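Novice: Model the following, please.
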Amino acid sequence: MRDKVIILMGSNKDLDISRSIGRTLDHLGVKYELRVASAHKTPRKVLDILEEYDKLERVVYVTVAGRSNALSGLVDANTTKPVIACPPYSEKFGGADIYSSLRVPSGIGSLVNIEPEGAAIAAAKILAMDNKSLTERIQEYQMKKREEINAADDTLKDDLNRGQ
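Specialist: Numbering: from 1, shown residues only. Coordinates of the predicted model:
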């Protein structure tokens, strides 16, 4: 498989979110790798990781880093591959950390999705742009989600309307 998603975490504290992204990618049949490197503490390692994977033809980076989320900007500024920021939500400061992912310096084009499933689906859709098999797997995944909603509606409708 030539397509790959690199999930790059700022620390191992981001592992739960990263694993959640990986589970969705597993459902979609997309190959991925988990890596840890910090924009502030190990910027050289971040650049080394990019050099390692940028050689691959089709890569999407999903960055998972909280607080100032410098990781997404550093990655995006040093690759031509798509970057999706999936910062963990923090209750501290009323969730204001998200602004560091939304308001980035000029020349940075990272995308943001705060839901791990959404970040995984977005990465898969980018890779599916000329991959018919992956497109079909995404369509199947979306169909399953629709069926879940329809089943929930049917169950609720039956329960609420019983006896009327």
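Novice: Any buried residues in the helix or strand of the chain with the lowest mean pLDDT, and which?
Specialist: The weakest-scoring helix or strand in the chain, judged by mean pLDDT, DSSP states H and E, is helix 99-102 (a mean of 86). By neighbour count on 16 or more other C-beta atoms under 10 Å, the buried set for helix 99-102 is 100, 101. All C-beta spots, glycine's among them, are computed from the backbone N, C-alpha and C.
Novice: ok now the following helix or strand past it, how far from the chain's centre?
Specialist: Downstream of helix 99-102, the next assigned helix or strand under DSSP states H and E is strand 111-112. Relative to the mean C-alpha coordinate of its chain, strand 111-112 is positioned 9 Å out (C-alpha atoms, centre = their mean, to the nearest Å).
Novice: Strand 111-112 - contacts with which helices or strands?
Specialist: strand 83-85 (3 or more C-beta pairs under 8 Å, 6 or more residues apart in numbering; DSSP states H and E).
Novice: hang on, residue 59 in a strand?
Specialist: Yes - assessed with DSSP: H, G, I helix; E, B strand; the rest coil, residue 59 lies in a strand.
Novice: That one against residue 7, yeah?
Specialist: No - with contact defined as C-beta atoms under 8 Å, residue 59 and residue 7 do not form a contacting pair (11.4 Å).
Novice: Compare these two (neighbour count), which wins?
Specialist: Each of residue 59 and residue 7 has its neighbours counted (other C-beta atoms under 10 Å); residue 7 has more, 29 against 22.
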